[in-house]
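Peer 1: Predicted coordinates and the sequence they were generated for:
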Amino acid sequence: MCKRLIALMIILFLLAIPQPTLAQSYYFVLEKMTVDVYWNEDGTQSLDYTMVFQNDPSGHAIEFVDLGLPNSSFNAGSITATIDGKPVEYISKSEFEGEGSSGVAISLGGNAIAPGGRGTVHILVGEVRNVLYRDSDDDQYASAVFSPAYFISSVIYGKTDLTVTFHLPPGVQPDEPRWHSAPSGFPSTPSTGLDGQGRIFYSWQNPNANGHTRYEFGASFPASYVPASAIVRQTAPSWIPKIDLDALVPLGCVSFFVLTIGWSVYSESKRKFKYLPPQISIEGHGIKRGLTAVEAAVLLEQPLNKIFTMILFSTLKKGAAEVASRDPLNVKVQHPIADNLHGYEKDFLSAFQETGNKRQKQLQDTAIALVRSVSAKMKGFSRKETIAYYQDITKRAWEQVQAAGTPEL
């Protein structure tokens, strides 16, 4: 009896001692996703998502879905969601922790999808504004482009039966609209017809898609079916300054060149770069240390041109590149490329060895890869604590760039 009592006391004592937990990674299959995209007569967009998740037995319980949205011009109060038909407990714009700067955090609460379990998440987004652009081939047409949510490749595996359906504005006639080229793996010609509201629809389906690839779908229709004020006109962003080139030091000229690139990438990626992958996540604990100034700037969601300027500044400081000429401006990349460069610095310099659209595409790819890299590094760490930690560090790093002669944006 005494031995049993002692053994019981030992067990209770051991249970009372905090034990280190094994960190579980998210790991799941997105079995099916359907997205109905409604292009409304007032020029806004409404979204209807249905996602079927199969959580891996080794994965962490899915407690939150961070849903990225096309831009920040959405009505958070218009968003509702359910998990297996049950209303979710909490939806927050301010607590969005997914990649990118726009979206909502959807808490599954007591209905979290357990390891090995399956769950259907249904999300309705009532209003997203500033989503239509002038068609590049016809000024009388509006261009409607959309990319459905996708997830970082490290947390997802298997195939996804993906269906995307566009519902065009009321009144559009069958012979007026036209669809854009479909992504690889989807039929070049979508299914067409009239929905229950008598609106023309285009529908693309690929049963062998995946949940970690960014697919882009598009259509154009006469702009007369929506208010002219709803069509975004691409003008130079406010961060493009008026600069006297003759007054700039060489590094300043380089910075202006980066601004020019920043604008070209901005104009191309306004509907792309800002719509970054959402992720299923749980807020981690502790500060992620060891980020570079550039990575910290990405985490703090600094403007794209500022990030490019910081990357170029770091490559110049390391002697990996130099300003070869000013008029025309030419940045010479040193060969062989130094071993002490970060991957994003090498990618950045590689882009500078291209011209025209190839350079623009590589810069965009560099930016997206950098964001994904920072997101992967942040897994298991507190984003809020890390942002607070790097605020001053990033500020001082930018001051060094300015001290070198770079004009403040």
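Peer 2: Looks like it came in fine. Numbering: from 1, shown residues only.
Peer 1: Show the low-confidence segments of the stretch 201-350 of the chain, by residue range.
Peer 2: With pLDDT under 70 as the threshold, the stretch 201-350 of the chain has low-confidence stretches at 234-285, 323-330.
Peer 1: What segments of it are helices?
Peer 2: Residue ranges of the helices in the stretch 201-350 of the chain, as given by DSSP state H, counting those that start in this stretch, are 250-269, 293-299, 304-317, 343-352.
Peer 1: Then the stretch 51-200 of the chain?
Peer 2: Remark: no helices are assigned in the stretch 51-200 of the chain by DSSP H, counting those that start in this stretch.
Peer 1: Residue ranges in it under the pLDDT threshold?
Peer 2: Across the stretch 51-200 of the chain, the stretches falling below the confidence threshold (pLDDT under 70) are 97-101.
Peer 1: could you pull out the strands for it?
Peer 2: Counting by DSSP state E, counting those that start in this stretch, residue ranges of the strands within the stretch 51-200 of the chain are 64-68, 79-83, 86-87, 90-92, 103-107, 118-128, 132-134, 141-146, 160-167, 178-179, 191-194, 200-209.
Peer 1: Contacts for stretch 104-117 next, please.
Peer 2: Stretch 104-117 is touched from outside by 24, 28, 53, 55-67, 69, 76, 79, 81, 83-84, 86, 88-93, 95-98, 119, 121, 123, with contacts defined as C-beta atoms under 8 Å, 6 or more residues apart in numbering. To be clear about C-beta, it is placed using only N, CA and C from the backbone, and glycine gets the same treatment.
Peer 1: so who does the nearest residue to residue 122 once chain neighbours are set aside touch?
Peer 2: Among residues not flanking residue 122 along the chain, residue 82 sits closest, at 4.8 Å (C-beta to C-beta, 6 or more residues apart in numbering). Neighbour list for residue 82: 88, 121-122 [criterion: C-beta under 8 Å, 6+ apart].
Peer 1: what do you get if the cut-off is 10 Å, keeping everything else the same?
Peer 2: 50, 88, 106, 108, 111, 120-124 (C-beta atoms under 10 Å, 6 or more residues apart in numbering).
Peer 1: Just give me the closest of those to residue 167.
Peer 2: Using C-beta to C-beta, residue 124 comes nearest to residue 167 of the contacts of residue 82, at 13.8 Å.
Peer 1: Surely the closest one is in contact with residue 81?
Peer 2: Yes - taking C-beta atoms under 10 Å as the definition, residue 124 is a contact partner of residue 81 at 7.1 Å.
Peer 1: quick one: which of those two has more around it?
Peer 2: Relative neighbour count places residue 81 above the other of residue 124 and residue 81, with 22 against 15, counting by other C-beta atoms under 10 Å.
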